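>>> Sequence plus the predicted model coming up.
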Amino acid sequence: METLFSVTVGVLTACSVFLILRGRSFPVVVGITMLSYAVNLFLFSTGRLTIDGAPILGTNTEYADPLPQALVLTAIVIGFAMTAYSVILAVRTRGEIGTDEVNEQDSGESSR
Amino acid sequence: MWQQHLAILPILIPLFTALLQLLPWGDRPQPKRRALGLASSILTLVCAALLLVHVNQNGMLVYALGDWSAPFGIVLVLDKLSTLMILLTAVLALPVLIYGCYTEDNLGSHFHALFQFQVMGIIGAFATGDLFNLFVFFEVLLISSYGLMMHGGGKFRVRSTLHYVLLNLLGSALFLISVGTLYATTGTLNMADMAVKVAQLSGDEAALARAGGFMLLAVFGIKAAILPLHFWLPQAYSTTTGVVAALFAIMTKVGVYSIIRVYTLIFGPEANELVWLAADWLWILGILTLIFGIIGMLGTRDFRLLVAYLVIVSVGTLLATYSFSSAAGISTALFYLIHSTVITGALFLLADVMAFERGKTASRIVTGKRMANHNTYAVMFLIAAIAIIGLPPLSGFAGKLMILQAAPVSTSGFWLWGTMLLATLVMLIMMSRTGSKMIWHTLQGKPNEQSAPIGKRVAIGMLLSLSLILTIFANPIRDYTDSVADELLDTQSYPTTVIAPSSGEENQYE
């Protein structure tokens, strides 16, 4: 289970880094989204992987660490909101500049 | 005792004000929003000042949220460093908001709400004693900064915001990874508890914690704009509106504060295998950041860009000074931090108001028409320039002198002397050039007619007078930063105060 889990996180991260390094805003946003999935999975694993454990200290000896699950929940909420914002921003940039190249250089003074 | 609740008030006041600012407020909402925002900022300032006095008299204040004591619940830990930074935030926010109330807030919607959320995030990041909670407050301040940076619109602003947002999203992901790694090795998120646990690590676990620690450095490096991670800053700070840029003067300092906190407390003198984890790196990166700032300053043709590079120079100076890991180094770095935050904030506002009155030439360093209030700005520019360059008699001089005195007599000390003095020289050249082009070499004929409201000048004057206060009270402030540094380096008593709040001490939670 640990191997499968770490391979999944690794592949997700590698793909997201590849996408983030592209020069257009859409792949970058997709990359960021994938990275946040990878991060959530990774956070989940920081409490060690357990099967059939209740997330609470009780009478049974087998238990899962509840804290990473709470952290993942927080991270998902924040990550989701931020992805939505960056999509809107990317669309607006595309609309205002006319290209989705992240580094499109054009001359002229900034307008206020 | 009501004083213990002072710990949470500087977070709650901006939070509730921000929520109130989101209400419709009738047909003419702006005057009401302004009044509300200003009242809240003044109240925050008063609370921050009371908090500082309280903590200074009674020692560290530990506030357990929901009465869940550390390390199981989230605690706010208000030591002298935190309260100092909170007070600095409140002191900066008030004049910036006053400036913003003069029609700057009409450029986009929800300026006042975003402003208060931003202040809340910054203060929260300074107050918290929990690493994951630090992440949450970082997100609060980042999300509101994304909104604020867009304030006013325009395509250059949109693009630089996109860069800023994407970079910081990556930074947040990295933050989570490093927090996860540290949690996996230490089993705690409370900074004080983590400091104890990190000291006990060895072998593989220590290596993992080291990896987590360095990833965390990268995260804070993005916020603080240290050398390889600083490329976002000049563009972001020079394209956004002046009032937002001035508030952002404290944002890089949040990164610097986090570095000081984490790498003194968790990876500090007591950390066994990971002792002073980041000091060597911070030293090299700090000096390189300084050098980059110097090169950047020489290349600018725009006043606002110049101020943005001044921010980078100040970050480099701060980190290089901090990396000496001595009480004197930390103390002088903090003094310089206060000074540079206030003055760069004032300079951003000044650049903005000058750009407005110059009209077409805006903030470019070229000859232009005379400004409507030419002489006022000339005097303000002179004062700000003297302060930021570090000429006597203003606070920059005191700050830089202290840093040079604190530098150890060694190779690293000489490097700091060399680069800092070079930076000072370049600042002198650049500020003189800016001043002579924008203020002396004006075109013949009538001055520009558009005149900025007097309130904006008052706001800048307030920030500049802080520099004067810093100079006059340099000695008591230095004494205070000395005690901050002593408390910071006393990493053994910090965990015992936070984790075991014994009922006997009166300043503890009930």
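Now that the structure is in, tell me what you want to look at.
>>> burial of B:Ser325, as a residue count?
Neighbour count of B:Ser325, defined by other Cβ atoms under 10 Å in any protein chain shown: 18. Using the backbone N, CA and C atoms, a C-beta is placed for each residue, glycine as well.
>>> Can you tell me how far the nearest residue to B:Ile389 once chain neighbours are set aside is from B:Lys155?
Once flanking residues are discounted, B:Ile389 sits nearest to B:Met427: 4.7 Å by Cβ to Cβ, 6 or more residues apart in numbering or on different chains. The gap separating B:Met427 from B:Lys155 is 32 Å, by Cβ to Cβ, to the nearest Å.
>>> now B:Leu282
Going from B:Leu282 to B:Lys155 by Cβ to Cβ gives 37 Å.
>>> repeat for B:Phe137
Computed as Cβ to Cβ, the B:Phe137 to B:Lys155 distance reads 31 Å.
>>> Over to B:His5?
Relative to B:Lys155, and taking Cβ to Cβ, B:His5 is found at 46 Å.
>>> more crowded one of the two?
B:Lys155 (18 against 12).
>>> circling back to that earlier point, separation between the residue nearest to B:Ile389 and B:Ile294?
9 Å.
>>> Just give me the neighbour total for the nearest residue to A:Val87 once chain neighbours are set aside.
Closest residue to A:Val87 apart from its sequence neighbours, by Cβ to Cβ, 6+ apart: A:Val29 at 5.7 Å. The local packing of A:Val29 (other Cβ under 10 Å) involves 23 other residues.
>>> From B:Leu391, how far out is A:Val29?
Applying Cβ to Cβ, the value for A:Val29 to B:Leu391 is 47 Å.
>>> Against which helices or strands is the worst-scoring helix or strand of chain B on mean pLDDT packed?
Across the helices and strands of chain B, mean confidence by mean pLDDT, DSSP states H and E is lowest for helix B:493-499: a mean of 86. In terms of contacts (3 or more Cβ pairs under 8 Å, 6 or more residues apart in numbering or on different chains; DSSP states H and E), helix B:493-499 is packed against helix B:191-200.
>>> Residues contacting the least confident helix or strand of chain B, please?
With contact meaning Cβ atoms under 8 Å, 6 or more residues apart in numbering or on different chains, helix B:493-499 is reached by B:59-60, B:62, B:70-71, B:75, B:77, B:79, B:129, B:190-193, B:195-196, B:265, B:487.
>>> C-alpha coordinates for it, CSV please?
Extracted in CSV, the C-alpha atoms of helix B:493-499 (Å, rounded to 0.1, in the frame of the first residue of the first chain):
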residue,chain,number,x,y,z
SER,B,493,11.9,28.8,28.3
TYR,B,494,9.6,29.4,25.3
PRO,B,495,8.4,25.8,25.1
THR,B,496,7.9,25.5,28.8
THR,B,497,5.8,28.7,28.9
VAL,B,498,3.7,27.6,26.0
ILE,B,499,3.1,23.9,26.6
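>>> Contact residues of chain B facing chain A?
Residues of chain B lying near chain A by Cβ under 8 Å from any Cβ of the partner chain: B:132, B:136, B:139, B:143, B:146, B:150, B:152, B:154-159, B:161-163, B:165-166, B:169-170, B:172-173, B:176-177, B:179-181, B:183-184, B:189, B:239, B:241, B:362, B:364.
>>> Tell me which of those fall in helices.
Under the assignment DSSP state H, the residues of chain B next to chain A contribute B:132, B:136, B:139, B:143, B:146, B:155-159, B:161-163, B:165-166, B:169-170, B:172-173, B:176-177, B:179-181, B:183-184, B:239 to helices.
>>> How many residues are close by B:Leu233?
Counted with other Cβ under 10 Å, residues neighbouring B:Leu233 total 22.
>>> quick one: it and B:Ile312 touch, right?
Yes. Using Cβ atoms under 8 Å, B:Leu233 is in contact with B:Ile312, at 6.2 Å.
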